[in-house]
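Asker: Sequence first, then the predicted structure, then my questions.
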Amino acid sequence: MVPAIESVGIGRLATCLREAGLLLLLALSVTVAAWLIRPEKMSLRAETAFYELELDAPLIAVADALVLYDTGSHLFLDTRTAGPGSFVTIPGALPVRVTTFDDDLYENRDFLYPEDPVVLFGDGNLPAVSDVAALLLERGFEEIMIMGGDLEAWRRTGGPLADHQAGEHE
């Protein structure tokens, strides 16, 4: 009787192994199919065309910002953090950054008033530029726009650039 039980056990073991192999093959097939039909990976940089960003000021295209610059109707504020030395910026742009906001407003007190329309720009990090916009709104500024590109986009659009020597508080 023992050999009959052993043959039934071996037959059952073989069936279990066959079913496990089929399940493994099915799982692999589903995984490969999912891998092949997956959508493209998302970019690590937020593109305004794909994401709705909650910014504290409206976004303006670089070309439209260039028109405002050429007409001289708006002040341009550079929100990028600058280290010591020289850096490239838009000619006439005033530095106003989150980290040195009060000092920057004080430094630019002769040129910058709450009734002035301003265009903020940075290094392409729109939420960081928006933080400066929020601080300006708290100080009574009303006409604020954020340029939707960095200085490379500004240059490609035909905007002028100039070297700026960083001051002591920058």
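Answerer: Sure, I can see it.
Asker: Model confidence at residue 162, what's the number?
Answerer: Residue 162 is assigned 89 on the pLDDT scale.
Asker: can you give me the strands in this protein?
Answerer: 59-60, 75-78, 86-89, 94-95, 118-121, 144-147, 162-165 (DSSP state E).
Asker: The fifth one pairs with which strands, and in what direction?
Answerer: Strand 118-121 has the following sheet partners, assigned by DSSP bridges: strand 75-78 (parallel), strand 144-147 (parallel).
Asker: out of the ones you listed, nearest to residue 59?
Answerer: strand 144-147 (5.4 Å; C-beta to C-beta). For the C-beta atoms, the positions are set from N, CA and C on the backbone; glycine is no exception.
Asker: quick one: the closest one to chain centroid distance?
Answerer: Put simply, strand 144-147 sits 15 Å off its chain's centre (C-alpha atoms, centre = their mean, to the nearest Å).
Asker: which other residues reach that strand?
Answerer: 55-60, 62, 65, 74, 117-121, 126, 129-130, 133, 136-137, 154 (C-beta atoms under 8 Å, 6 or more residues apart in numbering).
Asker: Low-confidence regions, the chain specifically.
Answerer: 1-8, 41-51, 83-86, 165-170 (pLDDT under 70).
Asker: What residue spans form the domains of it?
Answerer: 1-38, 59-165 (automatic domain parsing).
Asker: so which of the ones you listed is the most packed in?
Answerer: Counting by mean count of other C-beta atoms under 10 Å, domain 59-165 has the highest mean neighbour count of the domains of the chain, with a mean of 17.
Asker: List the contacts of residue 54.
Answerer: Contacts of residue 54 by C-beta under 8 Å, 6+ apart: none found.
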